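*Asks:* I'll drop the sequence and a predicted model, then ask my questions.
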Amino acid sequence: MKPVRKAVLPVAGMGTRVLPGAKTTPKEMLNVVDRPILSYIIAEGRAAGIEHFVFVTGRGKGAIEDYFDHHPELEAQLEAKGKLDLLADIQGELPRPGEMSFVRQMAPLGLGHAVWCARDIIGDEPFAVMLPDMLMAADVPALKQTVDAYNTVGGNVVVVEQCPEGQAHKYGIVALDGQAGRLNRMTGMVEKPAPGTEPSNLFISGRYILQPEIFALLAEQGKGAGGEIQLTDAMARLMALEPFHAFEYDGVTYDCGDKIGLLRANVAFALKHPDLADAARAAITALL
Ligand code: UTP
């Protein structure tokens, strides 16, 4: 079984749920406490052994490339002022040369199309997809748990979570061949099912391990739900050829592509921040 070394991070969406903030700041660059959401996602990927991150960017997403690059004036000033902890923090996030690639999705045609844009860089090996607005807090990082699960079954693995009551029509929903433990064989999936037709209450939540055969299916695929080229539709077709497992990781997900989800993430991460937890608790208590 080939190891999972590369991850695709689709960041070309419009972020309409977090407007107006996402008008000029890519939603993946909105802060959770003291750093952009993407910073946590990259740390999660590295902890899972990812060696190469492929960002699928779009118009107005230049801040992402700038964040993962040197800022010589800022670094010189921090050094001159003796703010060496901050300097080390900033430099510690920088990629190794060649660790990140950026491809452009020239129009937001859908998640499936965004993933397809990364095909040449991924090549012929299994890869992860990380949806960067889904921030996953876990003792063992979520993608590491997923890669460990993948290493036991191979094929394709998608992370799923319990869907809040009555919300299944908003998500990609999986069908399972029985349920025992956290890793279960899938029998189907459907994007945004009509209310009452959902095959389970488990939705696909933002981490995937996929085989490269998905690209050929995406290449010929038309629009699906919402008029977008859907990754779920290509996965459903790939399932006829290769096994898929649904994996429920151990942790808590914050949907930072949503205003309340982003707020929850900020509160939760502040309450766990080594330097800020006490002050955050006091501030939140005072507000309540
Ligand atoms: P979302 O649907 O959550 O992102 O897509 P969005 O379109 O930015 O959100 P709203 O609904 O307008 O607020 C899931 C992920 O797929 C990326 C998004 O950037 C997000 O990370 N995506 C989506 C693309 O890269 N390209 C697309 O065409 C669509």
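*Replies:* Alright, I've got the coordinates.

*Asks:* Is there any residue in stretch 171-188 that contacts the ligand?
*Replies:* No: taking Cβ under 6 Å from any ligand atom as the criterion, stretch 171-188 and the ligand are apart, separated by no less than 10.4 Å. (Glycine included, C-beta is placed from N, CA and C.)

*Asks:* Quick check: end-to-end length of that stretch?
*Replies:* Stretch 171-188 has its terminal residues 14 Å apart, counting by Cα to Cα, to the nearest Å.

*Asks:* what's the answer for stretch 128-144, then?
*Replies:* OK, stretch 128-144 end separation, Cα to Cα: 11 Å.

*Asks:* Check the offset of it from the chain's centre.
*Replies:* Put simply, stretch 128-144 sits 6 Å off its chain's centre (Cα atoms, centre = their mean, to the nearest Å).

*Asks:* Just the buried residues of that stretch, please?
*Replies:* Neighbour counts over stretch 128-144 (16 or more other Cβ atoms under 10 Å) mark 128-137, 141-144 as buried.

*Asks:* From Val11, how far out is the residue lying closest to Pro195 once chain neighbours are set aside?
*Replies:* Take Pro195 and drop its neighbours on the chain: the residue closest to it by Cβ to Cβ, 6 or more residues apart in numbering is His169, 5.0 Å away. To Val11, His169 is 25 Å away according to Cβ to Cβ, to the nearest Å.

*Asks:* can you give me the strands for the chain?
*Replies:* With DSSP state E, the ranges of strands along the chain come out as 6-10, 31-32, 35-36, 52-57, 100-104, 127-130, 134-137, 156-162, 172-176, 183-191, 202-210, 244-247, 252-255.

*Asks:* Relative to the third one, what are the paired strands and their orientations?
*Replies:* The reference is to strand 35-36. strand 31-32 (antiparallel) (DSSP bridges).

*Asks:* Let me see the ranges of the helices in the stretch 151-288 of the chain.
*Replies:* 214-219, 231-238, 259-272, 277-287 (DSSP state H, counting those that start in this stretch).

*Asks:* Mean pLDDT and distance to Pro36 added to these, as a markdown table?
*Replies:* A markdown table is the format used below for the helices of the stretch 151-288 of the chain (pLDDT from 0 to 100; distance: least, Cβ to Cβ, whole Å):
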| stretch | mean pLDDT | distance to Pro36 |
| --- | --- | --- |
| helix 214-219 | 96 | 28 |
| helix 231-238 | 94 | 24 |
| helix 259-272 | 97 | 12 |
| helix 277-287 | 97 | 18 |
